[in-house]
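> 3D model of this:
(2 chains)
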Amino acid sequence: SAVISQKPSRDICQRGTSLTIQCQVDSQVTMMFWYRQQPGQSLTLIATANQGSEATYESGFVIDKFPISRPNLTFSTLTVSNMSPEDSSIYLCSVEIGEGQGIYEQYFGPGTRLTVT
Amino acid sequence: QKEVEQNSGPLSVPEGAIASLNCTYSDRVSQSFFWYRQYSGKSPELIMSIYSNGDKEDGRFTAQLNKASQYVSLLIRDSQPSDSATYLCAAFTGGGNKLTFGTGTQLKVEL
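Here you go, the predicted structure:
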């Protein structure tokens, strides 16, 4: 597995502002991902953070709203831009770890709980 | 059909009993399946993965995969109150490493 940290752990923000969430892992990983978990819901993949290239976004998520950086193999940021109350969610980063023999598993950071007022 | 489906529960079992959590999947998923446990207010924690038909045991947990019937299950033996959580079934979809989650099953282990 891996030790993953996220900052901030929680925040309360006003609508129209932006928040940048940081994700740090204790080892170099090729694949990092950002998920959203809305209240009472399951996890939805926002994008795959690619090192050295633009992130790959899932349907319904766009770069202008959720810009992502991946400057190296241990760090990524997700920005939630021009926030509205509908953006109130838990945002989670995850990393993919190869377990050998073509097996990959994903491990999650502790999450960032965002409330937009 | 959704790619990964779970009964939302809640599933209530008495302490010491076997809890059985089920998940069905569509043809659009790959053959790698994962069970995550999520306590309220916490992030998901990977507890089991299974890739081959049959059973895989780890302590009190057993994952079962039946490819013919397209379901994967998680059995928790000797259930404890500390097992009370939401259990998320997940699988890789899209031919790559995109992890798609079911809606989760809430388990309550009662004294």
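
> is the residue nearest in space to the middle of chain A in a bridge, and if so with what?
Closest to where the C-alpha atoms of chain A average out (Cα atoms, centre = their mean) is residue A:34, at 2.8 Å. When assigned by DSSP bridges, residue A:34 has beta-bridge partners residue A:47, residue A:93.

> ditto for residue B:4
Beta-bridge pairing for residue B:4 (DSSP bridges): residue B:25.

> ok, it - contacts?
B:23, B:24, B:25, B:26, B:29, B:89, B:90, B:91, B:100, B:101, B:102 (Cβ atoms under 8 Å, 6 or more residues apart in numbering or on different chains). (Each C-beta comes from the backbone N, C-alpha and C, glycine too.)

> and the residue nearest to the centre of chain A, how close does it get to residue A:93?
Counting by Cβ to Cβ, to the nearest Å, the gap from residue A:34 to residue A:93 is 6 Å.

> please identify every residue contacting each of those two.
Counting by Cβ under 8 Å, 6+ apart, the common neighbours of residue A:34 and residue A:93 are A:23, A:76, A:78.

> give me the element the second one is part of.
This points to residue A:76. Using DSSP states H and E, residue A:76 maps to strand A:75-80.

> got the CA positions of that strand in PDB?
Output of strand A:75-80 as PDB, limited to C-alpha atoms (Å, rounded to 0.1, in the frame of the first residue of the first chain):
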ATOM      1  CA  PHE A  75       2.100  15.000  -5.700                       C
ATOM      2  CA  SER A  76      -1.000  16.300  -7.300                       C
ATOM      3  CA  THR A  77      -3.500  19.100  -6.800                       C
ATOM      4  CA  LEU A  78      -7.200  19.500  -7.600                       C
ATOM      5  CA  THR A  79      -8.700  22.900  -7.700                       C
ATOM      6  CA  VAL A  80     -12.500  23.300  -7.400                       C
END
